[in-house]
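Trainee: take a look and give me a structure for this.
(one chain, ligands or ions: 2)
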Amino acid sequence: MSEAVGAHDVDWREARRLAHGAGMPLPFQTIPLADALGQTLAEPVHALQAIPHYASSAMDGWAVNGDAPWTLVSHAPPEEHPRGRPAPHADSGEVSLAPGEATFILTGGVVPQNARGILRTEHGSIRGDVLDRNDAARADEPSQHEHVRPAGEEAEEGSEAIPAGVVLNPAQIALAAVCGHDTLAVLRAPRVSLLMTGDEVIEHGLPHAGQVRDTFGPQLPGFVAMLGGHVDVAGRAKDDLDDVIAAISAEATDEFSLARASGDVLITTGGTGSSSADHIRRALTELGAELIIDGIAMRPGHPTLLARLPDGRFLVGLPGNPLAAMMAMLTVAGPLLAGLRGSPLQEPVTVTSADAFGPLRGRSRLVPYRLEGGRAVPSTHQRSGMLRGLAAADGVLVVPAEGCSAGDAVPALSLPWLA
Ligand SMILES: Nc1nc2c(c(=O)[nH]1)N[C@H]1C(S)=C(S)[C@@H](COP(=O)(O)OP(=O)(O)OC[C@H]3O[C@@H](n4cnc5c(N)ncnc54)[C@H](O)[C@@H]3O)O[C@H]1N2
Ligand code: MOO
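Mentor: Ligands and ions are numbered 1, 2, ... in the order given. Just a heads-up that it's a prediction; the model follows:
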């Protein structure tokens, strides 16, 4: 078996570009409106008819023609009604008012032909079948079109109401319903599976010497969601080559392996090194995977992998060291998932470094920082196996290999949980 070969020691920016361009955007998905909250709209929403689609009353009251007093005419009695039973909102539209006539109308009722406006309930009095203004009304009430919501006031038929690309909120879902849509086209969140390795890793309680508490299981699904993916299944493999190969391969033997094999991306944790307990690289070779990124010129996170498995899934290999893995998530998993959703690659922001950094043998340094007085101050506790620095950080500096001086503008990554 020839060894899987990919670009070694890839420049940090190039690694992000490679990850972003690795996959084709996934096809859209059509879902019911009720499921659309928080989804990304794939196509603009157009008004399928004018909004509102008929001229309606904005008040409970009377539609009137001409000047007061008005003779009340009723809507069609039920037996003559075109729909066979009273439907007061629609029925008011069946009336054609002659000058000096009025008819009762509900808020939202169809404004009858020849109505000049609506006299609201509080401003009219009825004696017998005659309606007149009361003391609360103005002398000219209702003015022309008063309390009438004209058709098309909010949107013309065919006009764009919501642009593509928004993350749908409740108001936009309500607007889509008003536009006449039952379903919406949304970007499909890439389906992600997690495979964790490390026989020394325990999931609960306090570890003994030689054990570590799992830092990935409790947060990677949420982290993936913040990057636009959806974790379907998470599992573990023993530090054993055959076990790792079986877990990565597309062979579906139970419901977990089936879900894993039918996803878009498999994220593995640990085992990216070359010790006898590290099997990810060997497994990729055995499986005939195409390595896209074989190590990134960054610290921490140098051994990070990106590969395409023979069945088309992508594999992101995160190093086991907790901070290194988080940096690999931001560098590779974020851009890969954005590319699969058809979203643009987020360019780094620029911040002013409060400190100077010396050069580092051809590698970018990813440094969690805190903003103090508008400058990026490197966090303490930011070695590859530590988390306190990132947990308290405002962002991550990407110090170039040649280093920088205090006061230099330096690229930086925003943290998705602070966006
Ligand atoms: N001889 C060398 N040793 C190492 C090198 C090297 O170049 N030569 N690189 C170091 C760097 S840098 C990294 S990063 C790691 C990469 O390690 P692996 O991806 O193979 O990960 P493991 O060996 O499985 O674990 C490393 C470290 O992380 C801990 N770990 C693993 N999983 C978890 C977890 N779920 N939660 C918390 N901590 C975890 C594990 O116990 C180890 O301490 O290799 C270095 N060594
Ligand atoms: O490069 Mo390792 O990924 O520093 O911890």
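
Trainee: looking at the chain, which residue ends up farthest from its center?
Mentor: G128 (59.9 Å; C-alpha atoms, centre = their mean).

Trainee: tell me where the protein has helices.
Mentor: Ranges of helices within the chain are 12-21, 88-91, 170-178, 220-226, 241-248, 255-261, 280-287, 322-328, 334-341, 388-391, based on DSSP state H.

Trainee: any idea how far G295 is from the residue farthest from the centre of the chain?
Mentor: 92 Å (C-beta to C-beta, to the nearest Å). To be clear about C-beta, it is placed using only N, CA and C from the backbone, and glycine gets the same treatment.

Trainee: near ligand 2, which residues of the protein are found?
Mentor: 299-303, 319, 321, 324, 384 (C-beta under 6 Å from any ligand atom).

Trainee: among those, which ones are in strands?
Mentor: Using DSSP state E, the members of these that fall in strands are R299.

Trainee: how about whichever residue of the stretch 301-419 of the chain sits closest to ligand 1, nearest residue that isn't a chain neighbour?
Mentor: In the stretch 301-419 of the chain, the residue that lies nearest ligand 1 is G320 (2.3 Å; C-beta to the nearest ligand atom). Closest residue in space to G320, ignoring its immediate chain neighbours: G270 at 3.3 Å, by C-beta to C-beta, 6 or more residues apart in numbering.

Trainee: quick check: which ranges of the stretch 1-150 of the chain have low pLDDT?
Mentor: 1-5, 76-86 (pLDDT under 70).

Trainee: quick check: buried residues in stretch 311-319?
Mentor: 313-319 (16 or more other C-beta atoms under 10 Å).

Trainee: E286 and I245 touch, don't they?
Mentor: Yes - counting by C-beta atoms under 8 Å, E286 touches I245, with 5.5 Å between them.

Trainee: can you tell me what sits against the strand ranked longest in the chain?
Mentor: Across the chain, the longest stretch assigned as strand under DSSP E is strand 364-372. Strand 364-372 is contacted by residues 11-12, 297-301, 323, 327, 330-331, 351, 354, 357, 376-379, 382, 389-390, 392-401, 412-413 when judged by C-beta atoms under 8 Å, 6 or more residues apart in numbering.

Trainee: if you set the cut-off to 7 Å instead, what comes out?
Mentor: Applying C-beta atoms under 7 Å, 6 or more residues apart in numbering, the contact partners of strand 364-372 are 12, 297-301, 327, 354, 357, 376-379, 382, 389-390, 392-401.

Trainee: ok, it near ligand 1 or not?
Mentor: No - among the residues of strand 364-372, none lie within reach of ligand 1 under C-beta under 6 Å from any ligand atom; the closest is 12.1 Å away.

Trainee: any idea how far that strand is from the chain center?
Mentor: Centroid separation for strand 364-372 versus its chain: 27 Å, with C-alpha atoms, centre = their mean, to the nearest Å.

Trainee: can you mark which positions in that strand are buried?
Mentor: Quick answer for strand 364-372 (16+ other C-beta under 10 Å): 364-370.

Trainee: break this structure down into its domains, please.
Mentor: 12-27+189-341, 28-50+156-187, 56-149, 349-418 (automatic domain parsing).

Trainee: now those domains as CSV including distance to G6?
Mentor: Formatted as CSV, those follow (distance: least, C-beta to C-beta, whole Å):
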stretch, distance to G6
domain 12-27+189-341, 3
domain 28-50+156-187, 28
domain 56-149, 62
domain 349-418, 18
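
Trainee: tell me which of those is the most buried.
Mentor: domain 12-27+189-341 (a mean of 20; mean count of other C-beta atoms under 10 Å).

Trainee: start to end distance for that one?
Mentor: 22 Å (C-alpha to C-alpha, to the nearest Å).

Trainee: same question, stretch 380-397
Mentor: 13 Å.

Trainee: hmm, that stretch in reach of ligand 1?
Mentor: Yes - judged by C-beta under 6 Å from any ligand atom, stretch 380-397 comes into contact with ligand 1 at 384-385.

Trainee: what does that stretch rub up against?
Mentor: 215, 300, 321-324, 326, 330, 351, 353, 366-371, 376, 379, 410, 412-415, 418.

Trainee: pLDDT on it, on average?
Mentor: Regarding stretch 380-397, the rounded mean pLDDT is 95.

Trainee: tell me the gap between it and the middle of its chain.
Mentor: 26 Å.

Trainee: coming back round to it: surely the residue of the stretch 301-419 of the chain closest to ligand 1 touches D199?
Mentor: No - if you go by C-beta atoms under 7 Å, G320 and D199 don't touch, sitting 11.5 Å apart.

Trainee: pretty sure G273 is touching P303, no?
Mentor: Yes - the pair G273 / P303 is scored as a contact, 6.0 Å apart, by C-beta under 7 Å.

Trainee: phi and psi next, for the closest residue to R133 other than its chain neighbours.
Mentor: Once flanking residues are discounted, R133 sits nearest to A68: 5.3 Å by C-beta to C-beta, 6+ apart. Reported as degrees, to the nearest 10, the phi and psi values for A68 are phi -70, psi 160.

Trainee: quick one: A68 from T107, how far?
Mentor: 22 Å.
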